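Asker: Provided below are the primary sequence and the corresponding predicted coordinates.
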Amino acid sequence: MTPTLLIVDDEQATRDGLRAALDEEFDVFTASNLKEARAVLKADPPDLLLTDLRLGGDSGMDVLDEALSIKKPPVALMMTAYGSVDTAVEAMRRGAWHFVTKPLNLDEVEMLLKRALRSRQLESENEQLRERLPDPADLGRLTGKSTGIRRVIDTVKQVAPTRATVLIEGESGTGKEVVAHAIHQLSGRPAEKMVIVHCAALSPQLLESELFGHEKGAFTGATQRRVGRFEQADGGTLFLDEIGEIDASTQVKLLRALSERTIERVGSNTSVKVDVRVLAATNKNLAGMVESGDFREDLYFRLNVVRIAMPPLRDRAEDIVLLAAGFLKEFAEENGRPVKPLSDDALSLLRRHPWPGNVRELRTAIEHGVVMSNDPVIDVRHLPASLRGENPVRTPDSGGKITLAGPPEFNLHALETRTIRAALAEAEGNRTRAADMLGISRRTLQRKLKELDA
């Protein structure tokens, strides 16, 4: 696109001469006074401004002030036949990029305009770069002052700029995906994609196709070639959540992808090179799974180059109020509500609660409070029933099944969510035990947790 230039001079001959000399390089607009200049600046802000200091009854300094006050100001140059140090200093102080003296040297004017334009382009590029690159101190929702979380933050800052594979371990809801996002944002590839795969939500055949892609006809239903998540993440980051759920066959292929940085689509013998930073997360004890033969030892060591252990929320009590404050602000803005404080009783309840669902449970509780409170503060009654002791409970005659305390609730989605949360609380976060209580498979529970964002 041709750069635009506004020339402001009260002499017709000067305006015409400059237009004739510069219209091959610039799309030139002209004005003879402040009023005409203001109209052009408002209608179609130019990239460059070249204004005379003296404009009959007007001042070029006023034109300069007007131009620099608009949302996207032009790069401004001042012309003057009364060149003096004081005039130049004043123009530059007000924001002019440079000044030229009359009589004009047209070659010099053109050169200065091109340099001014290049200065504008560099400034724009730097601004875009600053927007793309994260603040090294910005770790998003990864925050806290407890010893455990400070250790996590220090490790994230240390490992993020490298290419090392990271294994993030911890209970469900502790913020493993938050850590993965922080590592990606502080890496050398934050502008590239971060691709996420929830391994527990897919059958072995579907997971293999999801990760590595497939060729047309590779299996029933493969009606066209599909690019997998490794290829989609090429140049960026691949986050494998619930890595402990993958089957033995997929473990072999994943090991090769990590070792050789190549993959093969299902139904193909052709290797495809990929440049991917892999992060993995699990709520299982992978070392124990290696000992029991459920997870390959060589793959474990490939994944466990750097290990980050996420502390459960019950071990970081000093972070509860800090996290709650952040969630209060987040959900108030999201729901168009004012930011309200938590009452003393509500804060006391948050500190006493064991948080079997960890940070995710706290986040949900605060969102519930923000939505339900019409008072100046968020009190205990505005928080979820599960925090107020109205949890679903076991009864002696229930045969070990979960039943619901409190008034009946006929919203199926809410009822299912309450029941699943109750089972997880009773099982102290152990998903296998919770699935047994609910009478469903662990994989079904995993799928429902993803659907409910529980």
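Answerer: Now that the structure is in, tell me what you want to look at. Numbers count the residues shown, from 1 in each chain.
Asker: which regions of the stretch 101-250 of the chain lie under the pLDDT threshold?
Answerer: 122-140, 190-191 (pLDDT under 70).
Asker: ranges for the strands of it?
Answerer: If you assign secondary structure with DSSP state E, counting those that start in this stretch, the strands in the stretch 101-250 of the chain sit at 166-169, 194-198, 237-241.
Asker: would you reformat those as TSV and include mean neighbour count and distance to E36?
Answerer: Just so you know, the C-beta spots here come from the backbone N, C-alpha and C atoms, and that holds for glycine as well. Conversion of these to TSV gives the following (neighbours: other CB atoms under 10 Å; distance: least, CB to CB, whole Å):
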stretch	mean neighbour count	distance to E36
strand 166-169	24	61
strand 194-198	19	51
strand 237-241	24	54
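Asker: out of these, which is closest to D344?
Answerer: Shortest distance between D344 and these, using CB to CB, is found for strand 166-169: 35.3 Å.
Asker: before we move on, the earlier item: of the strands of the stretch 101-250 of the chain, which is nearest T282?
Answerer: If we rank the strands of the stretch 101-250 of the chain by CB to CB, the stretch that ends up nearest is strand 166-169, at 5.8 Å.
Asker: each with direction, which strands does the closest one pair with?
Answerer: Strand 166-169 has the following strand partners under DSSP bridges: strand 277-282 (parallel), strand 306-309 (parallel).
Asker: how far off centre is the last one?
Answerer: Translated: strand 306-309. Per CA atoms, centre = their mean, to the nearest Å, the displacement of strand 306-309 from the mean C-alpha position of its chain is 22 Å.
Asker: which strands and helices sit next to the next helix or strand after that strand?
Answerer: For strand 306-309, the following helix or strand on the C-terminal side (DSSP states H and E) is helix 320-334. Other elements packing on helix 320-334 under the criterion 3 or more CB pairs under 8 Å, 6 or more residues apart in numbering; DSSP states H and E are helix 344-352, helix 358-372.
Asker: quick one: which of the ones you listed is nearest R314?
Answerer: helix 358-372 (8.1 Å).
Asker: show me which residues of the closest one are buried.
Answerer: Neighbour counts using 16 or more other CB atoms under 10 Å place 358-370 of helix 358-372 among the buried residues.
Asker: what do you get for stretch 377-384?
Answerer: Along stretch 377-384, these residues count as buried under the neighbour rule (16+ other CB under 10 Å): I378, D379, V380, H382, L383, P384.
Asker: what's the end-to-end length of it?
Answerer: The stretch stretch 377-384 measures 15 Å between its terminal residues, going by CA to CA, to the nearest Å.
Asker: chain center to it, what's the gap?
Answerer: Here stretch 377-384 is found 30 Å from its chain centre; the criterion is CA atoms, centre = their mean.
Asker: tell me the mean pLDDT over it?
Answerer: What stretch 377-384 shows for mean pLDDT is 92.
Asker: R433 contacts A427, doesn't it?
Answerer: Yes. Under the criterion of CB atoms under 8 Å, R433 makes contact with A427 at 3.8 Å.
Asker: nearest to P103, of the helices and strands packed on helix 320-334?
Answerer: Using CB to CB as the measure, helix 358-372 is the one of the helices and strands packed on helix 320-334 that comes nearest P103, at 68.1 Å.
Asker: identify all contacting residues around that closest one.
Answerer: Contacts made with helix 358-372 from outside it, assessed by CB atoms under 8 Å, 6 or more residues apart in numbering, are listed as 171-175, 178, 312-313, 320, 323-324, 327-328, 331-332, 335, 337, 340, 342, 346, 350, 355, 357, 378, 382-384, 387, 421, 429, 454.
Asker: okay if I get the buried residues of stretch 377-384 as CSV plus distance to D241 and secondary structure?
Answerer: Conversion of the buried residues of stretch 377-384 to CSV gives the following (distance: CB to CB, whole Å; DSSP: H, G, I helix; E, B strand; the rest coil):
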residue, distance to D241, secondary structure
I378, 31, strand
D379, 36, coil
V380, 34, helix
H382, 32, helix
L383, 28, coil
P384, 25, coil
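Asker: taking these together, which two end up most distant?
Answerer: The distance between the two most remote of those (CB to CB) is 12.9 Å, for D379 and P384.
Asker: pretty sure T432 contacts S441?
Answerer: No. Counting by CB under 8 Å, T432 sits too far from S441 to count as a contact (9.8 Å).
Asker: how close does the nearest residue to I196 once chain neighbours are set aside sit to E169?
Answerer: Distances taken as CB to CB, 6 or more residues apart in numbering put F239 closest to I196, at 4.8 Å, once the chain neighbours are dropped. Between F239 and E169 the distance is 14 Å, computed by CB to CB, to the nearest Å.
Asker: return the member of the buried residues of helix 358-372 nearest to K114.
Answerer: Distances from K114 to the buried residues of helix 358-372, taken as CB to CB, are shortest for R363 (53.3 Å).
Asker: now that closest one: how far from D9?
Answerer: Using CB to CB, one obtains 62 Å as the distance from R363 to D9.
Asker: now L342
Answerer: Distance from L342 to D9, by CB to CB: 64 Å.
Asker: now E231
Answerer: Separation of E231 from D9 (CB to CB) stands at 59 Å.
Asker: which of these two has more residues huddled nearby?
Answerer: When E231 is set against D9 and neighbours are counted by other CB atoms under 10 Å, the residue ahead is D9, at 24 against 19.
Asker: so the more buried one sits against L53, correct?
Answerer: No. Counting by CB under 8 Å, D9 does not reach L53; the two are 10.0 Å apart.
Asker: for the two, list the residues in contact with both.
Answerer: Contact criterion CB under 8 Å, 6+ apart; residues bridging D9 and L53 by contacting each: M79.
Asker: ok, now which ones touch G173?
Answerer: G173 makes contacts with L313, G357, N358, V359, R360, E361, G429, as judged by CB under 8 Å, 6+ apart.
Asker: kindly report the same for S187.
Answerer: Applying CB under 8 Å, 6+ apart, we find S187 in contact with A160, P161, T237, R277.
Asker: closest one of these to D44?
Answerer: The shortest separation between D44 and any of the contacts of S187 is 42.2 Å, and it belongs to T237 (by CB to CB).
Asker: what's the separation between the nearest residue to P376 once chain neighbours are set aside and F331?
Answerer: Using CB to CB, 6+ apart and skipping the chain neighbours, the partner closest in space to P376 is K340 (6.5 Å). With distances defined as CB to CB, the gap from K340 to F331 amounts to 10 Å.
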